[in-house]
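> Build me a structure from this.
(2 chains)
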Amino acid sequence: MDRARIVWQFATVRELVEETAHAKTVRLDLPDWPGHAAGQHVDVRLTAEDGYQTERSYSIASAPEQAGLALTVERIDDGEVSPYLVDELRSGDELELRGPIGGHFIWRIADGGPLLLVAGGSGLVPLMSMLRHRSAQGSAVDTRLLLSARSLIDVLYRDELAMLGRGDGLAVHQTLTRDRPAGWPGFARRVDAEMLVSVGPTPAHRPRIFICGPTAFVEQAADLLVEIGHDPAAIRAERFGPTGG
Amino acid sequence: MAHISRGFRGRPRHEVDPARVPPGQYVVNDFPVLSAGPTPRTQLDEWSFTLDGAVDRAVSWPWAEFVKLPSERFTVDIHCVTKWSKLDTSWTGVSVDSLLQGVETEAGFVSAWCDGGYTTNLPLKDLTGGRAWVAYEYAGEALEPEHGGPARLLVPHLYFWKSAKWVRGLTLTVEDEPGFWETAGYHNRGDPWQEQRYWSD
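Residues are numbered from 1 along each chain as shown, chains lettered A, B, ... in the order given. The predicted model follows:
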């Protein structure tokens, strides 16, 4: 396989977009980006004045087809890097990063479907890259997204999801576990087996399954999917712990 | 000279001995879970541990025999390629040295294989010399499935993906055979002190 070396480079922050009260999308211009696959991530490295450095990983939100690179970062209050990225970073700043990283939690149009994407909170980010890739390629491959969030105001990319959901072949399902607006048409509980059955596709259709979210969410969703008959080998998981940073 | 990230100060840095934290790592107190798929759950009466490949004859221990092998309690620091390190973790397990006792082999490499299909490759010399174990207890308790139970490989001097969860056997090989993450962009050896995270590091 032809691969570009994974080396540190400085990206320039082009724009910051507030997605929710806790999350921003950081749009970056890079001098030399080898391209990525939907689902991959980058490592970000910060350096303090005394030379101290720390690194964290962030999922890529943008499609491979989009210019530049977009990361969506959720602020973890006692984190070390995410509060900096969400609260301190400004357009025009330089951000050191390297990537793309990861060769397992990825989906390319040629991989085909059907697809089942299960997101807990900001676990939506790498799955959004897949949805954007799918849309950019004009694909109508059978895709089901199940997104679990606490309340509607915590949902990333709300308008874009609504728009994508009107296209061919994509069904967007949402469950709100804490607060619901009056007349909420979606699910209103934690992900369970019945919900996963109703979202589909059935195990007989052999979907490719991607789950991303907090560890407990991913553990639970993966266990339930195996329980209702999905092939464990078809389930790809990406977990982030309480120590996301 | 390193480029300063404008306005970044970082956390206070006096709490841990920097000599114990490899470059780019930060210390956590909890125990994050990372794995690429669902957590396999193998019943102990179906579990065995196997040594095979380039050996005179393969050996296999059912669970009841495995836990009767001479075990060690050891305390080590662990370093995950996703940047967290955890200091002073305590484990109980069987050293790979003792599993390999009396085994004659030409092999220079090992492929660890697991329930769920995960594999990872290591030079044999990274598994010997008192530096690797098959661990089945963490902090004095049975190892939880999320953390690799019933048993996981423990090779603390390499990034933690080498410490294969749900390990069921070691296949000794003459040629190096890259495993799951090693074929998915990660470094073939994974020494945290040299920050060998990705294939080109």
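> Now do the helices in chain A.
A:82-83, A:124-136, A:158-165, A:193-199, A:215-227 (DSSP state H).
> Pick the most deeply packed of those.
Highest mean neighbour count of these: helix A:124-136, a mean of 25 (counted as mean count of other Cβ atoms under 10 Å in any protein chain shown). C-beta coordinates here come from the backbone N, C-alpha and C atoms, glycine included.
> what are the phi and psi values for B:Arg131?
When read as degrees, to the nearest 10, the backbone of B:Arg131 gives phi -120, psi 0.
> what's the neighbour count on the closest residue to A:Gly186 other than its chain neighbours?
Spatially, and ignoring its direct neighbours in sequence, A:Gly186 is nearest to A:Gln174 (4.3 Å; Cβ to Cβ, 6 or more residues apart in numbering or on different chains). Other residues near A:Gln174 number 20, with proximity taken as other Cβ atoms under 10 Å in any protein chain shown.
> repeat for the one 10 residues further on
The number of residues packed around A:Trp184, counting by other Cβ under 10 Å, is 14.
> Next, the contact list for it, please.
By Cβ atoms under 8 Å, 6 or more residues apart in numbering or on different chains, the contact set of A:Trp184 is A:152, A:176.
> so where's chain A uncertain?
Applying pLDDT under 70 to chain A flags residues A:1-2, A:241-245.
> Would you map the strands across it?
Counting by DSSP state E, the segments of chain A that form strands are A:9-18, A:23-29, A:41-47, A:53-59, A:69-74, A:94-101, A:115-120, A:143-149, A:170-176, A:208-214, A:235-240.
> Dump the ones you listed to TSV, plus distance to B:Ile78.
Shown next, in TSV, are these (distance: least, Cβ to Cβ, whole Å):
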stretch	distance to B:Ile78
strand A:9-18	30
strand A:23-29	30
strand A:41-47	19
strand A:53-59	17
strand A:69-74	26
strand A:94-101	20
strand A:115-120	26
strand A:143-149	30
strand A:170-176	35
strand A:208-214	21
strand A:235-240	17
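> CSV please, covering the helices of chain A and showing distance to chain B.
Converted to CSV, the helices of chain A look like this (distance: least, Cβ to the nearest Cβ, whole Å):
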stretch, distance to chain B
helix A:82-83, 10
helix A:124-136, 13
helix A:158-165, 26
helix A:193-199, 13
helix A:215-227, 4
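> Can you report how many residues lie near the closest residue to B:Ala184 other than its chain neighbours?
Ranked by Cβ to Cβ, 6+ apart and with sequence neighbours excluded, the top spatial neighbour of B:Ala184 is A:Gly103, at 3.2 Å. Using other Cβ under 10 Å, A:Gly103 has 18 neighbouring residues.
> So B:Trp91 sits against B:Glu137, correct?
Yes - applying Cβ atoms under 8 Å as the test, B:Trp91 and B:Glu137 come out as touching, 6.4 Å apart.
> higher neighbour count, these two?
B:Trp91 (23 against 17).
> From A:Ala119, how far out is the residue nearest to B:Ala184?
Applying Cβ to Cβ, to the nearest Å, the value for A:Gly103 to A:Ala119 is 21 Å.
> ok, now B:Phe66?
39 Å.
> which one of those two has more residues nearby?
The neighbour count for B:Phe66 versus A:Ala119, taken as other Cβ under 10 Å, is higher for A:Ala119 (26 against 21).
> can you tell me which residues contact the closest residue to the more buried one other than its chain neighbours?
Spatial nearest neighbour of A:Ala119, excluding adjacent residues (Cβ to Cβ, 6+ apart): A:Leu147 at 4.7 Å. Residues near A:Leu147 by Cβ under 8 Å, 6+ apart: A:119, A:124, A:155, A:161, A:172-175.
> Which two of those residues have the greatest separation?
Comparing all pairs in the contacts of A:Leu147 by Cβ to Cβ, the longest separation belongs to A:Leu161 and A:Thr175, at 13.5 Å.
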